[in-house]
Structures are given as C-alpha cells and as structure tokens.
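Provide a 3D model corresponding to the input given below.
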Amino acid sequence: MAAVEGGSLCGLCSAAAPPYTCPRCHRRLCSLRCYRAHGPCAEAFYRDQVLEALRAERSCPPSPALPGLRELREPGDPGRPTGRGLWEQLSEEERDGFRRLVSSGEAAALLPRWRPWWWRGRGRVEELGDGSGVDEEGGEGRPGPAPPVPTSVPPLSALRAAPPSPLVRFQLPNALFGYAFALSLHGGDETLLPELPDAAIAASAALRDRRPFASTAEALLSARRDARAAGLPLSPLGDSGALLAVAQLLEGRDSRDPGADVAAALWHLWRLLRAGARVLPPPERGRFRGARRKVGFLLSWSRGATEELGQLAREARGVHAEVAAEEVAMAQVRERLEKVWGGPRPPLGKERVEEAPWMVTEGARVVMEGVFGGPRPAPDDGADKRRQGRRLIEELD
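Just a heads-up that it's a prediction; the model follows:
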C-alpha cells in the first residue's frame, strides 16, 4: 500500500480521507482492518511479484545465493529480464515494501508451502485419505521422497587414528541447520546450483571453517546468526521452524535405525556440495570441497554415535522451545503495536522507534529497550514512556 493524498472515502467502510490505496485495483482504504478485509486483491498482486522474481532468478546464470531476490534490478538495467511491467507501476514506497517482503522471508507465505522430506505429518491418520496426496488439514501435498541412506560409510577409525574431540558432537547440529535452512529456502529445488549448497555453507560455520562449539544451543544459535549475517532471507520454515527441523532429523523417523535421517541428510548435503562445485570455475571450488570433507567426517561419526544423537535431539528440542516461546511473545507485542498504529508501521509525523522491534529477535528485552531508548527508562523521558513501558511489561506477563 502506498500513502496518498486526497479526501475520498474508504472503499470498504466509507471512512473519510483514507490514507492508503490497494496496489492492484487502486481502491482507497483507511486502516489495517480494511486492508485485511480487502487482502486477497493485494496479496494476488504481491504473489505475482514474487513469482516473477523467482522466474527471473532461474533464468539468470548462477551467482551468489538468491540473486533474483536479493538484488532486484531496477528499470533501465540492460540485464533486467523483461516482464509484464509491474515493477514500473509501483511507487518507490511500494518497491521498498516488496524488498522488505522478500528480505524478511514473508514472501514465502505467498507461495505454496514446501514440506521437507523429514516432515512428520499426521502419522497413521494420513493413510486414511482418498489417495489424492492432499490432506484435509492444509490442502497441501505430502512431502517428497527422502534421500537415500548411504549403504557403506567408512568408520571413523578409517579416517583418523586419534579419537575425536568430545566437542565434535556439537558440529553436527550446526551443519544440519545449514542443510535444513538451505533446502527450505530453495523449496527443495536441487537444480538451484550453486545457490542451495552455498546457502548451507553460509549458515554453518562448521562447514566453512574450524569453529568449535561448547553446546548444542551455541551451535544452533550461531547458525541462525550466520544466516542473517549472510543477508539470506528468513527460512520458509520460520525462525524456530529451522531449529525444529534439526531436532526432527536428529530424532529420526525409524526406531530401528535412529540415525538414518541424519545419515540421509548428510549424504544428501554431500552430493549437493559436489554438484554445486561442478558448476563453479576451478578457483572457486575449494570451499565446497572443504565443506564436503567435513560432511563426510560427520557422517562417519554419526553412524557410530546413535546414543549421542538422542541427547543432541533433546537439547535441540529445548532450544526450539525457547525460541518458539520468544517468537510468540514478539508476535503479541507486534500485534498490539499494529493495533495502536493502525498498520504495520507508526503513522508519519509521530514519534517512533528507530528500528521496528520485530526485526530484532533477541527477546522481549529488546522491545523494551526500543521503547525506552536504552536498557532502562531515561529519567527525563517523562511519564508517557514509563506508562508505555509498564503496559508492555503487563502484556508480556
């Protein structure tokens, strides 16, 4: 939506002086509530934008992760793919909104949901369907087939004579996060090379270099930070969903072979890294080869450490629970602020926080610091900010 001037009436509730307009049909709207009621029209507009960007990405030669989404080409760029002219019809504010939509990961909500192969589903209930491959819960297809479990994995003793460090176990959840994150980010499309394995390396320090971790929580949260630092969009699984994926892979779906899913994921990642290296010029293949050697080492270690996989799974579940609870608290704060503002951002011309609090996920503490302008209320800020802080604390409690 774009702010416009004028004194016409809202196209839904007839309120005076509506400040927004639908980017598709240009109907004037007065508030977030009316926009949501009119949502399907605007959502279809943004869905077209996302699909056009994805088509442009696939038509371009390989380059760093997600070039079509992270480097939107402006009008007049000779390398810009021809389209239906939708970009030229957008105002600068609408273009900025679309860039935020892509970089925040919200664009994935406009596309059909991709279900990873390790998805649990609804268990035996799913088998009672009509065989159409679509369940009643979400109207979406079932996950694709799981990658094969390698039949012959050399023991760790064949790779090194000395016993590994006890900290090697924490390398595994970090690498699995990179795999789950990259696969979900690209919708499981293995033809997106070298972007898909490149995203896995960007999110996993265990695949990039010799980075020790002292706990499962440190390994997982480090991978989450690295993915953001690399400028990659949020995973379509969600911030906590990528952590849940690691826990599910570590738990495994086969009670007779608890490490089968970990082995399948690592073997799949190894093959993706090999395929990605083949499309790169020889000078750039070194980091893919190094990551592949580390994946092979973790694969050999995991096949002989099934008991430790169970412990790692429980620890990953705990990390996921904490982050999921944090997401719920942040979503509640965001919803309340949007009700006050009448939209996703503060109205123009009023005092506002420099950064939107939901763009930082360090917890409710950061939201309060955004309100106070520091870790504590400033003594000269007056009663208004103190009252606002107390209300937010009560809401969080």
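
what does the average pLDDT come to for the lengthiest helix in the chain?
Longest helix in the chain, counting residues (DSSP state H): helix 306-341. The average pLDDT for helix 306-341 rounds to 90.

Counting by contacts, list what it packs against.
Counting by 3 or more Cβ pairs under 8 Å, 6 or more residues apart in numbering; DSSP states H and E, the packing neighbours recorded for helix 306-341 are helix 171-185, helix 216-229, helix 239-251, helix 364-372, helix 383-396. Quick note: C-beta positions are derived from backbone N, CA and C, even for glycine.

Any idea which of those helices has the lowest pLDDT on average?
Mean pLDDT across the helices and strands packed on helix 306-341 is lowest at helix 364-372; the value there is a mean of 49.

Identify the residue spatially nearest to residue 301, adjacent ones excluded.
In space, and not counting its chain neighbours, residue 301 is closest to residue 156: 5.3 Å by Cβ to Cβ, 6 or more residues apart in numbering.

wait, that neighbour sits on residue 300?
Yes. Taking Cβ atoms under 8 Å as the definition, residue 156 is a contact partner of residue 300 at 4.6 Å.

Near residue 325, how many other residues are there?
For residue 325, the neighbour count with other Cβ atoms under 10 Å is 12.

ok, now the one 4 residues further on?
For residue 329, the tally of surrounding residues (other Cβ under 10 Å) stands at 14.

Residue 197 now?
For residue 197, using other Cβ under 10 Å, the count is 31.

Ok, the one 5 residues further on next?
Residues within reach of residue 202, counting by other Cβ under 10 Å, total 22.

what's it in contact with, if anything?
Residues near residue 202 by Cβ atoms under 8 Å, 6 or more residues apart in numbering: 65, 178, 208, 226-227, 230, 232.

tell me the pLDDT at it?
The predicted local confidence for residue 202 is 95.

Are we agreed that residue 345 is in a helix?
No. Residue 345 is assigned coil when assessed by DSSP: H, G, I helix; E, B strand; the rest coil, not a helix.

Distance-wise, check it relative to residue 37.
Residue 345 sits 19 Å away from residue 37, going by Cβ to Cβ, to the nearest Å.

and the chain, what are its domains?
Structural domains assigned to the chain are 2-110, 148-324, 326-396, following automatic domain parsing.

By mean pLDDT, point me to the weakest helix or strand of this protein.
One helix or strand of the chain scores below all others by mean pLDDT, DSSP states H and E: strand 2-3, with a mean of 39.

next structured bit after that one?
Of the helices and strands lying after strand 2-3 in sequence (DSSP states H and E), the nearest is strand 20-21.

what packs against that following strand?
With contacts taken as 3+ Cβ pairs under 8 Å, 6+ apart, strand 20-21 sits against strand 2-3, strand 28-29.

now do 10 Å
For strand 20-21, the packing partners by 3 or more Cβ pairs under 10 Å, 6 or more residues apart in numbering; DSSP states H and E come out as strand 2-3, strand 28-29, helix 32-37.

Pick out the shakiest of those, pLDDT-wise.
Of all the helices and strands packed on strand 20-21, the minimum mean pLDDT falls on strand 2-3 (a mean of 39).

For residue 343, give its distance to residue 334.
Residue 343 is 12 Å from residue 334, where distance means Cβ to Cβ.

Compare the two and say which is more crowded by neighbours.
Using other Cβ under 10 Å as the criterion, residue 343 and residue 334 rank with residue 343 on top: 18 against 15.
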